[in-house]
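Peer 1: Below: sequence and its predicted model.
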Amino acid sequence: LSEARAWTTHTYVVLDEIDNLRAEALEQQTGIRGYIITSRPEFLEPYRSSISEFDTGVIRLRKLVGDNPIQLARLERLHELMVEWRTQVAEKDIDWMSDPATRPLALEQTTRGEGKRRIDAIKKLCLEFAASEKALLAQRSAQLENMERALIGMILVLLVVGWFTANRGVATLNRLLGTPLTELAQLVPRLNTGQQVVVPHRERRDEVGSLADAFEKLRRSSLQQLERDWVSDQATRLNAALQHAETSEQFADILLRRLAEAIGVGYALAYAWSDMQAQLEWCAAYGLPDESVKRRRFRLGEGLIGQCIVERRIIELQPVPAGHLAV
């Protein structure tokens, strides 16, 4: 079970890494486009920083999928496409933009979408990579279920053998072992489902108590793994959703909506820091009409929120003052 869990975690790590590669590729493309359109050198900073992040991610993925030739081949092809795009599109655009006489060539290449075809191929390979990992995840989940069923069968066999072996003491064994073990065996299918399960007989100081303690550890371990799986899945979904944000307002709106739906929040507000104004400015809300946002700006030290910025910590009010929002 531990090995199967480890492979499941491994798959989530691979999915997270390939999603990061896709994001870094898009970051490089966005940086080059911004530089060509605006001619501002600061747009090259995300492009150059993403190069290192992308190459480091490829190295990490090589180690993770080294035992899978198909995935390794996809990764190498993905890396080749990225290098081709950098050398044949991005770096060429940068050279052209340095000379006013050749700038139209960079704009023309961007307009014709020379690099877009390669970036699209990279995104397609990322999707194929992720689909293959999800198929492996399904196989490993099925294997885990088979192992759980085998564990249940083993416990039932042991109960039957014990019944026929200790015929004379059946009543005592049934009272001391049979009934408690049956109760524990019935819990096994539910231990890995995240249901609220109370493991009985943990107060006993005999073999049954030891087995109950082991079941309790398995229940906690399964619950922790389910929580980690849930967090990983939500993080992957959130990362994917945020890729579609083109402005800070869209980013804040998507972030609030996804987080609120995931954790069951009734109201949510988002403020963005403005370097120019040196203050927080309201940029998005969830479950709340715009007109109900009374404070749209906070300076350093202004109000409770401004004080949180200065002290860099959460300040919790107990009891909540009258007039605050209620769900």
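Peer 2: Sure, I can see it.
Peer 1: shaky segments in the stretch 1-150 of the chain?
Peer 2: Applying pLDDT under 70 to the stretch 1-150 of the chain flags the ranges 99, 101, 103, 106-115.
Peer 1: mind listing the strands for it?
Peer 2: With DSSP state E, counting those that start in this stretch as the criterion, the stretch 1-150 of the chain has no strands.
Peer 1: Just the helices from it, written as ranges.
Peer 2: Along the stretch 1-150 of the chain, the segments classed as helices by DSSP state H, counting those that start in this stretch run 2-38, 44-64, 69-85, 91-97, 103-112, 114-165.
Peer 1: Indicate which one of those helices is closest to G301.
Peer 2: Nearest of those to G301, taken as CB to CB: helix 44-64 at 31.6 Å. Placement of C-beta: from N, CA and C, glycine included.
Peer 1: Make a markdown table out of the helices of the stretch 1-150 of the chain and add mean neighbour count and distance to Q250.
Peer 2: Formatted as a markdown table, those follow (neighbours: other CB atoms under 10 Å; distance: least, CB to CB, whole Å):
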| stretch | mean neighbour count | distance to Q250 |
| --- | --- | --- |
| helix 2-38 | 18 | 14 |
| helix 44-64 | 16 | 18 |
| helix 69-85 | 17 | 26 |
| helix 91-97 | 17 | 27 |
| helix 103-112 | 14 | 23 |
| helix 114-165 | 14 | 20 |
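Peer 1: now those helices in TSV, with distance to L288?
Peer 2: Below are the helices of the stretch 1-150 of the chain laid out as TSV (distance: least, CB to CB, whole Å):
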stretch	distance to L288
helix 2-38	30
helix 44-64	33
helix 69-85	42
helix 91-97	44
helix 103-112	40
helix 114-165	35
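Peer 1: Go ahead and report the secondary structure state at G301.
Peer 2: Using DSSP: H, G, I helix; E, B strand; the rest coil, the structure places G301 in coil.
Peer 1: can you count the residues close to it?
Peer 2: G301 is surrounded by 12 other residues when neighbours are defined as other CB atoms under 10 Å.
Peer 1: Also the one 4 residues further on?
Peer 2: Counted with other CB under 10 Å, the burial measure for I305 works out to 15 neighbours.
Peer 1: Walking through the stretch 151-300 of the chain, point out its helices one by one.
Peer 2: Ranges of helices in the stretch 151-300 of the chain, per DSSP H, counting those that start in this stretch, are 170-173, 179-191, 207-242, 248-263.
Peer 1: Turn these into JSON lines, including mean neighbour count, distance to W96 and mean pLDDT.
Peer 2: Formatted as JSON lines, the helices of the stretch 151-300 of the chain follow (neighbours: other CB atoms under 10 Å; distance: least, CB to CB, whole Å; pLDDT from 0 to 100):
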{"stretch": "helix 170-173", "mean neighbour count": "13", "distance to W96": "86", "mean pLDDT": "68"}
{"stretch": "helix 179-191", "mean neighbour count": "16", "distance to W96": "62", "mean pLDDT": "68"}
{"stretch": "helix 207-242", "mean neighbour count": "15", "distance to W96": "32", "mean pLDDT": "84"}
{"stretch": "helix 248-263", "mean neighbour count": "16", "distance to W96": "30", "mean pLDDT": "91"}
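Peer 1: what about K134, distance to P289?
Peer 2: As for K134, its distance to P289 is 40 Å (criterion: CB to CB, to the nearest Å).
Peer 1: I'd like the helices of the stretch 151-300 of the chain as CSV, with distance to S50 appended.
Peer 2: Converted to CSV, the helices of the stretch 151-300 of the chain look like this (distance: least, CB to CB, whole Å):
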stretch, distance to S50
helix 170-173, 67
helix 179-191, 43
helix 207-242, 15
helix 248-263, 17
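Peer 1: and of those helices, who's closest to E148?
Peer 2: Proximity to E148 (CB to CB) singles out helix 179-191 among the helices of the stretch 151-300 of the chain, at 6.5 Å.
Peer 1: Tell me how many other residues crowd the nearest residue to F215 once chain neighbours are set aside.
Peer 2: Spatial nearest neighbour of F215, chain neighbours left out: V199 (4.9 Å); criterion: CB to CB, 6 or more residues apart in numbering. When neighbours are counted by other CB under 10 Å, V199 registers 19.
Peer 1: V199 and W163, how far apart?
Peer 2: For V199, the distance to W163 (CB to CB) stands at 23 Å.
Peer 1: What residues does Y47 make contact with?
Peer 2: Residues near Y47 by CB atoms under 8 Å, 6 or more residues apart in numbering: E27, Q28, G31, I32, Y35, A90.
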